[in-house]
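J.: return a 3D structure for these sequence lines:
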Amino acid sequence: MKKFLDRVALGGSSLLNGLLALTVISLIALGCTCTGKDGFDFGGKDTETSDEKKDLNDSDDPFGEKKKEEKLSEDEVPSDNAAQEIAKTTLLNFNDAVQSADFSDFHKTISKTWKRTSRPSQFEKGFKEFIDKKINIGVIRSMSADFSPRPAIEKISNRNILVLKGSYDVSPRPVKFDLKYVFEDDEWRLLAIAVDTKG
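T.: Numbers count the residues shown, from 1 in each chain. Below you'll find the predicted structure:
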């Protein structure tokens, strides 16, 4: 069964890939069990515009010099700093999509493998509960993730898959995540996402 699922996730039948993507999205939405008349906000209203948001890749060091970009490799687990940046970028892009109820830009960031079998409208339907409950995890912008287990590369169907799993210690409930990436165009591109705000 595992080999079958791995084959589907990494390039088997387009129909099965589409079904798998929808299943993953559905499972993600079910991870949100927040209640309340006005929804649950993990960080208050994120009032920054996209122009005001600082690109994580362009953050300056204390001396005003640009940080050196780490050379990523398909065969090596990224450093902790790079893994932090990869996870945070994905989750903040996801959060932006939830806040705007528009997954068009988020869809552009995912892997070609996943892009072939999904459309932004499928994400919007799959994450409807997040949108309706106004889930906002923007507070993670100033936090570091606790990875558990440590970031790792798993071999699935002869492809290296980066697995980043962990949480952000957000009060009153942590934001848990399980992210999988495939190496494309010299960077790790999202292949699967699960976000759990149950605590």
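J.: what's the neighbour count on T89?
T.: 15 (other CB atoms under 10 Å). The C-beta positions use only the backbone N, C-alpha and C, and glycine is treated the same way.
J.: check I156 too.
T.: When counting by other CB under 10 Å, one arrives at 19 neighbours for I156.
J.: what does it show for phi and psi?
T.: Note on I156: its backbone torsions stand at phi -130, psi 120 [degrees, to the nearest 10].
J.: and it, how far is that from P149?
T.: According to CB to CB, to the nearest Å, I156 stands 16 Å off from P149.
J.: thought A145 was touching N81?
T.: No: using CB atoms under 8 Å as the test, A145 is too far from N81 to be in contact (11.3 Å).
J.: neighbour-wise, which of those two wins?
T.: It is A145, of A145 and N81, that has more neighbours when counted by other CB under 10 Å, with 24 against 11.
J.: tell me the confidence at the residue lying closest to the more buried one once chain neighbours are set aside?
T.: Distances taken as CB to CB, 6 or more residues apart in numbering place G166 nearest to A145, at 4.8 Å, with adjacent residues excluded. We have a pLDDT of 98 for G166.
J.: and if you look at the one 3 residues further on?
T.: According to the predicted model, the pLDDT of D169 comes to 95.
J.: give me the number of residues near Q99?
T.: By other CB under 10 Å, the residues close to Q99 number 17.
J.: next one: K71
T.: Neighbourhood size, K71 [other CB under 10 Å]: 9.
J.: where's it relative to S157, distance?
T.: K71 sits 25 Å away from S157, going by CB to CB.
J.: just after the least confident helix or strand in the chain by mean pLDDT, pick out the following helix or strand.
T.: Least confident element among the helices and strands of the chain, by mean pLDDT, DSSP states H and E: helix 14-30 (a mean of 40). Going down the chain from helix 14-30, the next helix or strand is helix 80-100, by DSSP states H and E.
J.: which other helices and strands does that next one contact?
T.: Packing partners of helix 80-100 (3 or more CB pairs under 8 Å, 6 or more residues apart in numbering; DSSP states H and E): helix 104-109, strand 146-147, strand 159-168, strand 175-184, strand 187-196.
J.: pipe the ones you listed into a markdown table and attach mean neighbour count and distance to I137 per row.
T.: A markdown table is the format used below for the helices and strands packed on helix 80-100 (neighbours: other CB atoms under 10 Å; distance: least, CB to CB, whole Å):
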| stretch | mean neighbour count | distance to I137 |
| --- | --- | --- |
| helix 104-109 | 15 | 14 |
| strand 146-147 | 14 | 15 |
| strand 159-168 | 20 | 8 |
| strand 175-184 | 21 | 5 |
| strand 187-196 | 20 | 8 |
